[in-house]
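Enquirer: sequence first, then the predicted structure:
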Amino acid sequence: MRLARVAFVAAAFVAAAVLFPFSSAGMAAERIALSIAIDGAIGPASSRQLKEALKAAAERNAAVLILQLDTPGGLVTSMREMISDILGSPVPVIGYVAPAGGHAASAGTYILYATHVAAMAPGTNLGAATPVELGGLPSLPGGEKDIAPGKDGAPDKDGKDSGRPPGDAMMAKVTNDAVALIRSLAELRGRNGDWGEKAVREAASLSASAALQEHVIDFVARDTTELLQLADGRTVDVAGKKEVLATKGLAVEMLDPGWFIRLLGVITDPNVAVLLMLVGFYGIVFEVTSPGAVAPGVIGAICIVLALYALDLLPINYTGLVLMLLGVAFLIVEAFNPTVVLGAGGAAAFLLGAAMLLKVEGPGFAISWVVIGPATALTLGLALLAGSYLWAARRNPPRVGGEAMRGLPVQILDWEGGEGHVLALGERWRAKADGPIAPGDRAEVTAVSDLVLTVRRRSAGYDGAGNDGAKQ
C-alpha cells in the first residue's frame, strides 16, 4: 500500500515536470501586443494614457506596446514624462506614425526617437522639432537661413553668448537643450543624430521613405500586421537588458482611453480651464447674491476645482494666474459698487493675466483670443449691466414697509369727522385725512403711522394706477 502511494506521488511529480514546459510555452504563445493611439496634441492626458498603457502591458506580460502617433506636438513637460516612461519601461515600445496622412511633428519626433523600434506608415512625415519660444511662436534662427556662430540668436563657438538680447539668449539655451536631448536619444537607439539636430535647429521634416533612407526610423509598415512582422527578431535594449523581439503573428489589442483621460484631455486645454474658472466665479457670485439657489454654488465650486486641477497640470505662470483672479475680483466688485475704474481695471488685468498665463505655448496648448476676448467682454458687460441696475436702484427712494404704500389707491368704506375706514391691498385699515372726504370718493395714501393711514382725495381724472388726468 505504501509503495503504491509513493509510486502515485512520484508519477504526479513526473507529470508536473513534463507538463510544466508545455504550460509555459502555451502561456508564451498567448502573449499579445497592446496598442494605444495618441491622436492630437501631446499633453497631460497623453502622458497619463501612456503611463497607464505601460502599466497594463507589464501586468499582462504583453510582448510589446505599439504607440501609434499622429500629433502636431505639444508640451515639453508632458513629452519629457513620456520619454522617461518609455526609457524605463520593462515592455518594448514600438513607435508607429500612422495612419497615412498622419505626422509626428515637434514633440512627436522626440518621442519616436525614444521608442525601442521606430516605424512609419506610407504617406506620413515627422520633424519640425524646433522648440517654441516662451509665450510665443516658433522662432527659427535667421528666418529661412542658419545664423553663423557669434551672431545674434546663435551661440559662439565657445558656447558663450555674443551680446545678443536676453530673449535670443534664452531661446539659444532652450534650443541647445533640445538638441542635446534628441542626440542622446539617437545615440541610445542607434539612429541618425545629425538629422535630429537639423530637425531641431532648422525645423527639417522627412517623409516616411526619406526617414528610412536617413536611418531615422527602422522600417516602413503599411499596417500593424506588417509592423509586427518586420519588428520580429530585432534586438532591443529594454531597461538595460538586451531582448530579442518575438512579435510575428501576435494578436493586437487596442487600449482605449478611459473616461478620466478623456476628461483630462478636455479640461487641460488652457482655454477650457479659463472658461471653467469664469463659470465657477459666476456660479459662486450668483449663489452669494441669491442664497438658497444651491445649484449655482455647487456647479461653480466644481468648475473652480476642475479649473485649478487643470492649471496645476499645465506649465503656468502664477503671476498671470493671480492677475486673472484679481481681474475677476475687480469685475465682481464693479457689479456691486459701480465705479467704471474697477471694471476697466478688472478687464485689463484679466487680459494681461491670460497673455502671461502659460510659461511655454505649444501646438494645442495656447491661449486663443477668439475665446478669451469675448469671455472678457461678456464678464465686463455683465458687471456694467449689474452695476447700472444697482445705481438706478440707489437713486430711487426706498420702497419697503410703510413707504411702499405711498400713492396706493384706496376705497373709502365709511367716513365721519375726518376719520373712517378704507380698503387697501384687500384689507380694512383705519384712516384719517386733513381735508374733507366722503364715502365713494377716490383717495390715495400719503403716509402711514401706527397702522393708521393718512389719505387724501384724488381728482376726478385719477385712473387708479397713480395717474392724475387733471395733471396731464
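Expert: In hand now; what should we look at?

Enquirer: where does pLDDT dip in the stretch 251-400 of the chain?
Expert: Applying pLDDT under 70 to the stretch 251-400 of the chain flags residues 335, 338, 340, 360-362, 383-384, 386-400.

Enquirer: where do the helices sit along it?
Expert: 259-267, 270-289, 295-313, 318-336, 341-356, 369-395 (DSSP state H, counting those that start in this stretch).

Enquirer: please convert the ones you listed to TSV, extending it with mean neighbour count and distance to residue 56.
Expert: C-beta here means a position set from N, CA and C on the backbone, and glycine is covered the same way. Listed next are the helices of the stretch 251-400 of the chain as TSV, based on neighbours: other CB atoms under 10 Å; distance: least, CB to CB, whole Å:
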stretch	mean neighbour count	distance to residue 56
helix 259-267	15	13
helix 270-289	20	28
helix 295-313	17	22
helix 318-336	19	35
helix 341-356	19	38
helix 369-395	15	35
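
Enquirer: what about residue 177, distance to residue 131?
Expert: Separation of residue 177 from residue 131 (CB to CB, to the nearest Å): 8 Å.

Enquirer: show me which of those two is the more surrounded one.
Expert: residue 131 (22 against 12; other CB atoms under 10 Å).

Enquirer: that one touches residue 178, doesn't it?
Expert: Yes: using CB atoms under 8 Å, residue 131 makes contact with residue 178 at a distance of 4.9 Å.

Enquirer: domain map for the chain?
Expert: 2-257, 269-395, 401-471 (automatic domain parsing).

Enquirer: ok, of these, where does mean pLDDT dip lowest?
Expert: Confidence, taken as mean pLDDT, is least for domain 401-471 of the domains of the chain (a mean of 74).

Enquirer: ok, which stretches of the stretch 1-150 of the chain are helices?
Expert: Under DSSP H, counting those that start in this stretch, the stretch 1-150 of the chain gives helices at 2-29, 44-59, 76-87, 107-114.

Enquirer: sorry, back to before: can you add distance to residue 263 and give the domains of the chain back as a markdown table?
Expert: As requested, the domains of the chain are exported to a markdown table (distance: least, CB to CB, whole Å):
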| stretch | distance to residue 263 |
| --- | --- |
| domain 2-257 | 8 |
| domain 269-395 | 8 |
| domain 401-471 | 51 |
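
Enquirer: for the residue nearest the centre of the chain, grab phi and psi.
Expert: When CA atoms, centre = their mean is applied to the chain, the residue found nearest the centroid is residue 268 (2.2 Å). Per-residue torsions, residue 268: phi -80, psi 0 (degrees, to the nearest 10).

Enquirer: what's near enough to touch it?
Expert: For residue 268, the contact set (CB atoms under 8 Å, 6 or more residues apart in numbering) comprises 43, 44, 45, 310, 313, 314, 365.

Enquirer: look at the nearest residue to the fifth one once chain neighbours are set aside and say how many residues are nearby.
Expert: Computed as CB to CB, 6 or more residues apart in numbering, the closest residue to residue 313 that is not its neighbour in sequence is residue 44, at 4.2 Å. One way to gauge burial is a neighbour count; for residue 44, by other CB under 10 Å, it gives 22.

Enquirer: number the chain from 17, please
Expert: From this message on, residue numbering opens at 17, which makes the last subject residue 60.

Enquirer: residue 60 touches residue 94, doesn't it?
Expert: Yes: at 5.7 Å, residue 60 counts as touching residue 94 under the criterion of CB under 8 Å.

Enquirer: neighbours around residue 270, how many?
Expert: Residue 270, neighbours per other CB under 10 Å, totals 11.

Enquirer: go on, residue 238?
Expert: Based on other CB under 10 Å, the number of other residues close to residue 238 is 13.

Enquirer: go on, residue 241?
Expert: Residue 241, neighbours per other CB under 10 Å, totals 13.

Enquirer: from residue 69, how far out is it?
Expert: 20 Å.

Enquirer: same check on residue 83?
Expert: The gap separating residue 83 from residue 69 is 8 Å, by CB to CB.

Enquirer: and if you look at residue 395?
Expert: 40 Å.

Enquirer: with adjacent residues omitted, what lies nearest to residue 52?
Expert: With CB to CB, 6+ apart, the residue lying closest to residue 52 is residue 69, at 4.6 Å.

Enquirer: so the one you found is in contact with residue 269, correct?
Expert: No: with contact defined as CB under 8 Å, residue 69 does not count as touching residue 269 (10.8 Å).

Enquirer: between those two, which is the more surrounded one?
Expert: residue 69 (24 against 13).

Enquirer: and stretch 201-217, end to end?
Expert: 16 Å (CA to CA, to the nearest Å).

Enquirer: in that stretch, what counts as buried?
Expert: For stretch 201-217, the neighbour count (16 or more other CB atoms under 10 Å) marks 201-202, 205, 207-209, 211-217 as buried.

Enquirer: and the two most separated of those?
Expert: Spatial extent of the buried residues of stretch 201-217 (CB to CB) is set by the pair 205 and 217 at 20.2 Å.
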